[in-house]
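Q: Predicted model and sequence follow; I will ask about them next.
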Amino acid sequence: MTSKTPITPDVITIPRQLDDNILPNIIGLQRKALANALNEIGTPAKQIKMRTAQIWQWLYVKGAQNFEEMTNLSKDFRNLLVQNFAITRPEIVTRQISKDGTRKYLLRVTGGHEVEAVYIPEKDRGTLCISSQIGCTLTCTFCHTGTQKLVRNLTPAEIVGQILIARDDLDEWGKDAGQKRNVSNIVLMGMGEPLYNTDNVRDAMLIAMDNEGIALSRRRITLSTSGVVPEIIRTGSEIGCMLAISFHATTDEVRDVLVPINRKHKIAELLEACRNYPKLSNSERITFEYVMLKNINDSDEDARRLVDLISGIPAKINLIPFNPWPGSGYERSDWNRIEAFGDIVNKAGYASPIRRPRGEDIMAACGQLKSETQRVRKSAKQMAEEIKGQ
Ligand code: SAH
Ligand code: SF4
């Protein structure tokens with residue numbers, strides 16, 4: 001395990017940049033909607049296809065942040081765009097960089113709400129973990145996000161905006177498709193349940209996958225769900241990305257408590273949806289996430305039940321050491337218990353990587369998003385008050 005030596009993370013606070021621009025955001029529209037919008041502002045019919053392609057390229061290949069940059073458009077047309085649209089990304093409130101290179105962005109979206117995105121660099125690639133909702137309506141008992149009230153779903157622009165911000169920050173615009181990418185993979189494992197916001201998540205991922213734009217392959221996008229069974233089939237047919245299931249328990253009795261959506265969609269129903277997931281194969285396996293909770297779900301018996309349950313499903317099991325938070329009432333399983341559990345799963349023929357904790361010093365781990373930030377920010381405020389009082 002990584003050491004827990006306290007260190008001071010590199011935190012920058014970026015001043016508020018955006019005014020409350022009321023013009024519609026041009027980010028987040030599907031190509032067809034963009035074409036329609038150009039038509040509505042009076043773009044000559046003959047030019048619409050070409051203009052749509054040009055603007056798309058500026059937004060999603062070059063990362064343009066204003067219309068003035070779009071030099072292959074006439075000045076008049078650029079003015080027309082300026083008068084009718086804005087290019088708006090979520091506003092970066094803070095960016096923290098961990099000693100292991102993990103970057104956590106606290107982002108402000110319309111209405112002043114905040115969400116987080118986390119970039120996890122790896123050798124020759126990197127994964128961006130993005131949020132789909134502000135908070136979460138589900139109440140998984142071990143998850144800190146689940147203790148927050150849902151404020152609202154994120155829009156496609158706010159979901160794509162998280163990718164744009166990471167690419168801005170990592171200086172990743174204008175690279176050829178063949179070049180090494182910092183943001184090579186996307187996981188929908190931040191705040192929220194993506195399948196309670198399926199339409200917006202789908203629209204955002206269609207933009208991320210567009211070959212003439214960000215051009216991420218569907219196999220490099222993983223959507224994690226707690227088990228919204230009726231939406232799983234749409235995920236396969238309408239997005240076609242990789243699927244991860246927050247499984248976490250091997251009996252309905254325990255899963256009903258840990259992942260309460262199980263009361264509505266039982267394990268058997270969930271696994272049936274997994275078996276029917278399109279394109280399932282040995283090269284496109286479902287990831288079963290399994291948070292290791294001491295004396296709750298981590299016995300040898302659980303491991304054996306798990307492999308029986310998923311038998312026949314091309315799968316890998318991602319063992320997640322529980323990330324504790326104050327008042328959760330759960331403890332992380334001991335390391336040798338996690339390894340013993342992993343061995344049983346592994347011997348049954350399933351890869352069972354143990355997720356390495358990343359960005360611990362900046363509290364960027366799964367299930368800790370946002371709430372810990374509030375804590376950090378609150379203490380920063382307290383500090384400011386203390387300084388004032390001196
Ligand atoms: N709502 C979706 C995606 C976001 S959660 C889902 O539940 O799948 C991303 C992953 O982090 C899920 O597998 C979730 O169960 C796990 N997680 C939540 N809280 C955690 C914690 N405190 N420690 C470790 N993993 C946690
Ligand atoms: Fe929501 Fe996922 Fe947390 Fe459950 S684990 S409360 S579904 S974010």
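A: Right, received. Where do you want to start? Residues are numbered from 1 along each chain as shown. Ligands and ions are numbered 1, 2, ... in the order given.
Q: Give me the secondary structure label for residue 291.
A: strand (DSSP: H, G, I helix; E, B strand; the rest coil).
Q: Now it. Nearest residue, chain neighbours left out?
A: Leaving aside its chain neighbours, residue 291 sits nearest to residue 320 (4.6 Å; criterion: Cβ to Cβ, 6 or more residues apart in numbering). C-beta: built from backbone N, CA, C; applies to glycine.
Q: What count of nearby residues applies to the residue in the stretch 201-350 of the chain positioned nearest to ligand 2?
A: At 3.7 Å from ligand 2, residue 226 is the closest residue in the stretch 201-350 of the chain, using Cβ to the nearest ligand atom. Using other Cβ atoms under 10 Å, residue 226 has 26 neighbouring residues.
Q: would you say the residue nearest to residue 291 is within a strand?
A: Yes - checked against three-state DSSP, residue 320 lies within a strand.
Q: give me the number of residues near it?
A: Residue 320, neighbours per other Cβ under 10 Å, totals 22.
Q: pLDDT at it, what is it?
A: Residue 320 is assigned 96 on the pLDDT scale.
Q: do residue 145 as well
A: pLDDT, read off for residue 145, is 82.
Q: Which residues belonging to stretch 48-63 are considered buried?
A: For stretch 48-63, a neighbour-count test (16 or more other Cβ atoms under 10 Å) marks 48, 51-52, 55-56, 58-61, 63 as buried.
Q: quick one, what contacts residue 302?
A: Residue 302 makes contact with 249-250, 341, according to Cβ atoms under 8 Å, 6 or more residues apart in numbering.
Q: can you check residue 156 too?
A: Going by Cβ under 8 Å, 6+ apart, residue 156 touches 28-29, 200, 203-204, 207.
Q: Excluding chain neighbours, what is closest to residue 85?
A: Nearest non-adjacent residue to residue 85, counting by Cβ to Cβ, 6+ apart: residue 26, 4.2 Å away.
Q: Could you report the neighbour count for that neighbour?
A: Around residue 26 there are 23 residues (other Cβ under 10 Å).
Q: What pLDDT is listed against it?
A: At residue 26, the pLDDT value in this model is 98.
Q: What's the separation between it and residue 36?
A: According to Cβ to Cβ, to the nearest Å, residue 26 stands 12 Å off from residue 36.
Q: what does residue 135 give?
A: When residue 135 is compared with residue 36 (using Cβ to Cβ), they lie 32 Å apart.
Q: Same check on residue 203?
A: Distance from residue 203 to residue 36, by Cβ to Cβ: 14 Å.
Q: coming back round to it: neighbour-wise, give me the winner out of the contacts of residue 302.
A: So for the contacts of residue 302 (other Cβ under 10 Å), the most neighbours sit at residue 341, 25 neighbours.
Q: just checking, what packs against the strand or helix carrying that residue?
A: Applying DSSP states H and E as the criterion places residue 341 in helix 335-347. Here helix 335-347 touches strand 286-292, helix 300-309, strand 315-321, going by 3 or more Cβ pairs under 8 Å, 6 or more residues apart in numbering; DSSP states H and E.
Q: so which of these is the most packed in?
A: Most buried of these, by mean neighbour count (mean count of other Cβ atoms under 10 Å): strand 286-292, with a mean of 24.
Q: what is the orientation angle of it with helix 335-347?
A: Interaxial angle, strand 286-292 versus helix 335-347 (axes from the mean of the first three to the mean of the last three Cα atoms, to 10 degrees): 160 degrees.
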